[in-house]
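A.B. asks: need a structure here:
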Amino acid sequence: MTTSTGIPNLGAMSDFVGEFEVTSRLTDQVYHCRFSHLWNAIATRHSDTVDTKFVVDGRRVVVGLAHTAFVRFTEKHGRGLSDREASFVAAHYLRERLEQEDERPLHDVSAEDVTRLIDQIGIQ
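C.D. replies: Numbers count the residues shown, from 1 in each chain. A predicted model of the protein is given here:
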């Protein structure tokens, strides 16, 4: 039997990640970010991702996490990545992009970047 040591999905999904601010390293612009929710994008965008939605300064931003990274995580750790953990990964990626003033409405994150962020955050 495998024991989960991850971060559980407790509370409302919109509360998984608290509101946060990101300051651009280029211009010192401050972005106000709020996590909304996540969903499996296979049906909605026909992409092999788990999509996470944020509101950044009133604009919708989607961060799509490559599903293959979830499979790799499960194979390595013997448990699935929780929705809350996925939302943390997406928030970290969004923070990195906004620090560079990358304000696109859609970010597709590679499996390598998802894995890098999982390791950086320390999720096991």
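A.B. asks: Let me see the contact set for the residue nearest the centre of the chain.
C.D. replies: Central residue of the chain (C-alpha atoms, centre = their mean): residue 90, 1.4 Å from the mean position. Applying C-beta atoms under 8 Å, 6 or more residues apart in numbering, we find residue 90 in contact with 35, 38, 52, 54, 63, 65, 109. From N, CA and C alone the C-beta is placed, and that goes for glycine too.
A.B. asks: which residues touch the second one?
C.D. replies: Contacts here follow C-beta under 8 Å, 6+ apart; on that basis residue 38 touches 13, 50, 51, 52, 53, 83, 86, 87, 90.
A.B. asks: Helix or strand: which one has the fifth one?
C.D. replies: Put plainly, it is residue 53. strand 49-56 (DSSP states H and E).
A.B. asks: helices or strands next to that strand in the packing?
C.D. replies: strand 30-40, helix 41-44, strand 59-66, helix 67-77, helix 83-99 (3 or more C-beta pairs under 8 Å, 6 or more residues apart in numbering; DSSP states H and E).
A.B. asks: quick check, distance from the last one to the centre of its chain.
C.D. replies: Here the centre of helix 83-99 is set off from its chain's centre by 4 Å, with C-alpha atoms, centre = their mean, to the nearest Å.
A.B. asks: Cool, thanks, talk later.
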